[in-house]
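Engineer: sequence and predicted model, in that order:
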Amino acid sequence: MFHIALFEPEIPPNTGNIMRLCVNTHSTLHLIRPLGFELTEKRLRRAGMDYRDVAVITEHDSYQSFMASLNGSENVYALTTRGRRFHTEVMYQPGDVFLFGPESRGLPNRVLETLGSRHQLRIPIAPGSRSLNLSNTAAIMVYEALRQQHFPQLS
C-alpha cells in the first residue's frame, strides 16, 4: 500500500519496530545502504526484529539505486524537521513513499534537494524539541496516509 524508506538507518530496534509496522499495515520497507548494523538473523533477533521473515523488504546499495527502482508514479515525501509543510497538508495516494534519514543526523541536504520543498514534510512538535523517535514518526506518517484511504485491508 505505502512504502517506508530508511536512508542509512543506524539503530536496529527502530528498524525492527518499522518492520513490524510495515507487516501490520501492508507497507513495504526499503533499506538504503550503508546500514549501521548487520541484517544477520542473530543480530535481528537480538534487536527484536522477529518480523523479518514476513516483512516485505528491499535493500538498495545507494539513494540513487533506490530512486531508480521506483517506477516514477510514486510521490516521495521526505520527513525532516526542516520541512515547511505539515504532514497533514498532503493527500496521500497508495504507493506513496515516506523517506526518513539516519537517527543521528537526518536526511542530508543533497537528498532533500532532489525532492524539492513541496515534498519535504514535518510533524509538529513542541518548540525547542529536537525531533521525534524515528519509528514513532514512521507510524504517524503511515497511519495518517491509511486514515485518508479509510484503512483499506485493515480491521
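Structural biologist: Nice, thanks for sending it over. Numbers count the residues shown, from 1 in each chain.
Engineer: going on from the lowest-mean-pLDDT helix or strand in the chain, what's the next piece of helix or strand?
Structural biologist: Using mean pLDDT, DSSP states H and E, helix 41-46 stands out as the lowest-scoring helix or strand of the chain, at a mean of 59. Sequence order places strand 57-60 as the next helix or strand after helix 41-46, per DSSP states H and E.
Engineer: what residues does that next one touch?
Structural biologist: Contacts with strand 57-60, where a contact means Cβ atoms under 8 Å, 6 or more residues apart in numbering, come from 19, 22, 28, 29, 30, 31, 32, 33, 39, 66, 69. Backbone N, C-alpha and C define where each C-beta goes, glycine included.
Engineer: next, residue 100: phi, psi?
Structural biologist: Note on residue 100: its backbone torsions stand at phi -130, psi 150 [degrees, to the nearest 10].
Engineer: pLDDT weak spots in this structure?
Structural biologist: Scanning the chain for pLDDT under 70 picks out 40-50.
Engineer: tell me where it has helices.
Structural biologist: Assigned by DSSP state H, the chain shows helices spanning 12-25, 41-46, 63-69, 109-115, 134-148.
Engineer: ok, now how distant is the nearest residue to residue 114 once chain neighbours are set aside from residue 113?
Structural biologist: Nearest non-adjacent residue to residue 114, counting by Cβ to Cβ, 6 or more residues apart in numbering: residue 67, 7.3 Å away. Using Cβ to Cβ, to the nearest Å, we find residue 67 at a distance of 13 Å from residue 113.
Engineer: of those two, who's got more company?
Structural biologist: Between residue 67 and residue 113, counted using other Cβ atoms under 10 Å, residue 67 has the larger neighbour count: 19 against 11.
Engineer: how near is the more buried one to residue 74?
Structural biologist: Note on residue 67: its distance to residue 74, by Cβ to Cβ, is 10 Å.
Engineer: same deal with residue 150?
Structural biologist: Where residue 74 is concerned, residue 150 sits at a distance of 20 Å (Cβ to Cβ).
Engineer: could you do residue 22 as well?
Structural biologist: In terms of Cβ to Cβ, residue 22 sits 16 Å off from residue 74.
Engineer: mind listing what's buried in stretch 93-108?
Structural biologist: Residues 96, 97, 98, 99, 100, 101, 102, 103, 106, 107 are the ones in stretch 93-108 that count as buried (16 or more other Cβ atoms under 10 Å).
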